[in-house]
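**Student:** Take a look and give me a structure for this.
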Amino acid sequence: MRFDVPLVTGRLIKRYKRFLADVTLDEGGAEITAHCANSGSMMGLKEPGIKVWLTPNDDPKRKLKYSWEMLEIDGAMVGINTSRPNGLVEEAIEAGRIPELTGYDKLRREVKYGKNSRIDILLEGEGDKRIYVEVKNVTLAREDGVAEFPDAVTARGAKHLDELSDMVREGHRAAMVFLIQRDDCDALVLARDIDRKYGEAFDAAVKAGVEVYAIGCRLTADEIIADRAIEVRC
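**Tutor:** Numbering: from 1, shown residues only. Just a heads-up that it's a prediction; the model follows:
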């Protein structure tokens, strides 16, 4: 996924109200407020002074001109824009980088299913061949080389696991794909100490037959590519 416009760099002043971040731009030194498209806690990723990358947008209808895309911390590049993961996983599937999800003729996004929900990606093949794919963005790493999910309590995430289990019981395949938007991790674990109920829902989903995959990203100022399998230790 290449960025449509060159990114702008700066230094984080603070992130607040979940969706706002104040940044000092490197060029010119102006202090601006950027949109932060991440509803998670962003644990460990909000230290004042860290280097950030922003997408500029000159649309006069937008309230905020910049969107926060990435950051660098302890030498690692981390993608925090949660509007990106579904597209990144779609690209990875179409490029054959998740072999277990190949062999389907049609890919659709945000399809209604379950109890008034939308599945991130629905893959469809001949007849009634389907696989329901839920995507989760992962940015937390409290141990070197190990990514963790979630970074905050997520009742919505547990609900998604339950609904994937329902699809398996109906005779379809269902998969949870964890997109590791960090370039310094080679394994994924569940942060059960942060959300015990999510861990329980995850275990129940795996027992029901929900498949679990993790894919890591290569991040630069020009593009983000989901390009490598990550070991799942959940």
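**Student:** in this protein, which helix has the most residues?
**Tutor:** In terms of residue count, the longest helix belonging to the chain (DSSP state H) is helix 155-169.
**Student:** got the contact list for that one?
**Tutor:** Outside helix 155-169, the residues within contact range by Cβ atoms under 8 Å, 6 or more residues apart in numbering are 113-115, 117, 130, 132, 134, 136, 150, 173-176, 195, 197-198, 200-202, 204-205, 208-210. For the C-beta atoms, the positions are set from N, CA and C on the backbone; glycine is no exception.
**Student:** So among these, which ones count as buried?
**Tutor:** 113, 130, 132, 134, 136, 150, 173-176, 195, 198, 201-202, 205, 208, 210 (16 or more other Cβ atoms under 10 Å).
**Student:** thinking again about what came up before, I'd like the next helix or strand past the longest helix of the chain.
**Tutor:** For helix 155-169, the succeeding helix or strand toward the C-terminus, using DSSP states H and E, is strand 173-180.
**Student:** Excluding chain neighbours, what is closest to A221?
**Tutor:** Nearest-residue entry for A221: L7, 5.3 Å, with adjacent residues in sequence omitted and distances by Cβ to Cβ, 6 or more residues apart in numbering.
**Student:** I'd assumed K51 was in contact with the one you found.
**Tutor:** No - with contacts counted by Cβ atoms under 8 Å, L7 stays clear of K51, the gap being 11.3 Å.
**Student:** Now do the same contact list for P48.
**Tutor:** Contacts of P48 by Cβ under 8 Å, 6+ apart are 11-14.
**Student:** I'd assumed P150 was in contact with Y198.
**Tutor:** Yes - in this structure Y198 lies within contact range of P150 using Cβ under 8 Å: 5.9 Å.
**Student:** In which helix or strand does K63 reside?
**Tutor:** Under the assignment here (DSSP H and E), K63 is part of no helix and no strand.
**Student:** How many neighbouring residues does it have?
**Tutor:** Counted with other Cβ atoms under 10 Å, the burial measure for K63 works out to 7 neighbours.
**Student:** who touches it in this structure?
**Tutor:** With Cβ under 8 Å, 6+ apart as the criterion, no residue contacts K63.
**Student:** how far away is it from G87?
**Tutor:** In this structure, K63 and G87 are separated by 23 Å, where distance is defined by Cβ to Cβ, to the nearest Å.
**Student:** What residues are bridge-paired with the residue nearest to the spatial centre of the chain?
**Tutor:** With distances taken as Cα atoms, centre = their mean, N137 lies nearest the centre of the chain, 1.8 Å away. Using DSSP bridges, the beta-bridge partners of N137 come out as L179.
**Student:** Can you give me every residue that contacts it?
**Tutor:** 38, 40, 79, 82, 84-85, 179, 181.
**Student:** ok, now with 10 Å
**Tutor:** 38, 40, 79-86, 88-89, 149-151, 178-181, 217 (Cβ atoms under 10 Å, 6 or more residues apart in numbering).
**Student:** So for it, what pLDDT did the model give?
**Tutor:** You'll see N137 listed with a pLDDT of 96.
**Student:** Same question for G127.
**Tutor:** For G127, the model assigns a pLDDT of 84.
**Student:** next one: the one 4 residues further on
**Tutor:** In this model, I131 is scored at 98, pLDDT.
**Student:** In which helix or strand does it reside?
**Tutor:** With DSSP H and E as the test, I131 turns up in strand 130-138.
**Student:** right, and the helix or strand after that strand?
**Tutor:** Using DSSP H and E, the next helix or strand after strand 130-138 towards the C-terminus is strand 140-143.
**Student:** That next one pairs with which strands?
**Tutor:** Sheet neighbours of strand 140-143, with direction, are listed as strand 146-149 (antiparallel) (DSSP bridges).
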